[in-house]
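K.L.:
the following block contains a protein sequence and its predicted model.
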Amino acid sequence: MSSADPKAPQPDLADLIRFYAEAGVDEALDDAPADRFAEAASAQGSRTPPQRQAAPSPSPRSAPALSVPDEAQAAKARELARQARTLEELRDILDGFDGCNLKFTAKQTVFSDGNPRAPLMLVGEAPGRDEDIKGKPFVGRSGQLLDRMLAAIGIERASGAYIANVIPWRPPGNRTPTPLETEICRPFIKRQIELVNPRVLVTLGGPSAKVVLNATDGVLKLRGKWQAHTTASGVEIPAMPTLHPAYLLRNPAHKKLAWRDFLEIRAKLDTLGG
């Protein structure tokens, strides 16, 4: 190996240190090799591990006594619904009724919206997230579409329609209500219809038609054909099954079918003086 030329220019010490720092050299090498693994092990052994305190056990919380739906609760619902003489009493009964487990997971009871003296009543299936938060039926995207559908036939929601649901409490995660949950809620919506006594009743979607009209066919087969809802007191109310606004948002091509149904509803109201 040739020796360095003593006449060659020597690098400036400050520049050399700056170069080393920029290159990541932050420690000088010793003449003898250092065992860094042994140093790390020694340092680890010299440390006293911190004493970990056991997390305090959470205090036991008493869960609400959820009501398992059964026929006894359905019978109780039928009896309570018969006792309601006004819509206000019916709402108070629902607020105090603990026979349906859906009530314990919902934020609040979604009873109704609109004008109870209006000639038109619309019934959906169950509240969604927006409805559960605001405490009114049909206030989300499907509700906005329903408002436009009503406006298209000259009906203002707040004054010209009364809106409710078969199920007054939002099912968790918007799941489909079980048949027994629906059966428990059935007496309340039927009594609500009887107390409102509209000139025309509209069921929105297949589940509503099955509960209110005892229908067995699908909504696409039912829609557009006048049915009759008979109250407990024997009053027959003309009823039109139609498509749910949420379905129309997913299937906009079928809006033309709902439009035909709403034209029929407008004509029926005009015939009945509504």
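P.N.:
Perfect, I can see it now. Numbering: from 1, shown residues only.
K.L.:
contacts, neighbours, all on C-alpha from now
P.N.:
Fine.
K.L.:
residues of whichever strand or helix holds residue 93 that come out buried?
P.N.:
Secondary-structure assignment from DSSP states H and E places residue 93 in helix 87-96. Going by neighbour count (16 or more other C-alpha atoms under 10 Å), the buried part of helix 87-96 is 87, 90, 91, 93, 94.
K.L.:
give me every residue that touches the first one.
P.N.:
To tie it back to what came earlier, the one meant is residue 87. Applying C-alpha atoms under 8 Å, 6 or more residues apart in numbering to residue 87 gives the contacts 192, 195, 196.
K.L.:
which SSE is the first one in?
P.N.:
Take DSSP H and E as the rule and residue 192 turns out to sit in helix 179-196.
K.L.:
contacts for the following helix or strand past that helix next, please.
P.N.:
Secondary structure here is assigned by DSSP H and E; on that basis, the next helix or strand after helix 179-196 toward the C-terminus is strand 200-204. Residues external to strand 200-204 that are found in contact with it (C-alpha under 8 Å, 6+ apart): 119-125, 209, 212, 229, 237-245, 265, 268-269.
K.L.:
tell me the angle of the helix holding residue 192 relative to strand 200-204?
P.N.:
Following axes from the mean of the first three to the mean of the last three C-alpha atoms, to 10 degrees, one obtains 160 degrees for the angle between helix 179-196 and strand 200-204.
K.L.:
quick one: list the elements packing against helix 179-196.
P.N.:
Counting contacts by 3 or more C-alpha pairs under 8 Å, 6 or more residues apart in numbering; DSSP states H and E, helix 179-196 packs against helix 71-83, helix 87-96, helix 206-212.
K.L.:
and residue 240, that's in a strand?
P.N.:
Yes: assignment of residue 240 by DSSP: H, G, I helix; E, B strand; the rest coil places it within a strand.
K.L.:
start the count at 193 instead of 1 going forward.
P.N.:
In the new numbering, first residue 193, that becomes residue 432.
K.L.:
shaky segments in the stretch 193-342 of the chain?
P.N.:
The model of the stretch 193-342 of the chain has pLDDT under 70 over residues 193-261.
K.L.:
report the central residue of this structure.
P.N.:
When C-alpha atoms, centre = their mean is applied to the chain, the residue found nearest the centroid is residue 321 (2.6 Å).
K.L.:
doesn't residue 364 make contact with that one?
P.N.:
No: Residue 321 is not in contact with residue 364 according to C-alpha atoms under 8 Å; the separation is 9.3 Å.
K.L.:
all strands of the protein, in order?
P.N.:
305-306, 312-316, 353-357, 392-396, 419-422, 428-434 (DSSP state E).
K.L.:
distance from the first one to the middle of the chain?
P.N.:
Put simply, strand 305-306 sits 19 Å off its chain's centre (C-alpha atoms, centre = their mean, to the nearest Å).
K.L.:
packing partners for that strand?
P.N.:
For strand 305-306, the contact count by 3+ C-alpha pairs under 8 Å, 6+ apart identifies helix 349-352, strand 353-357 as packing neighbours.
K.L.:
send me the last one as PDB with only the CA atoms.
P.N.:
It refers to strand 353-357. Written as PDB, here are the backbone C-alpha positions of strand 353-357 (Å, rounded to 0.1, in the frame of the first residue of the first chain):
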ATOM      1  CA  ALA A 353    -100.200  14.200   6.200                       C
ATOM      2  CA  TYR A 354     -99.700  12.200   9.300                       C
ATOM      3  CA  ILE A 355     -96.800   9.700   9.400                       C
ATOM      4  CA  ALA A 356     -96.000   6.800  11.700                       C
ATOM      5  CA  ASN A 357     -94.200   3.400  11.700                       C
END
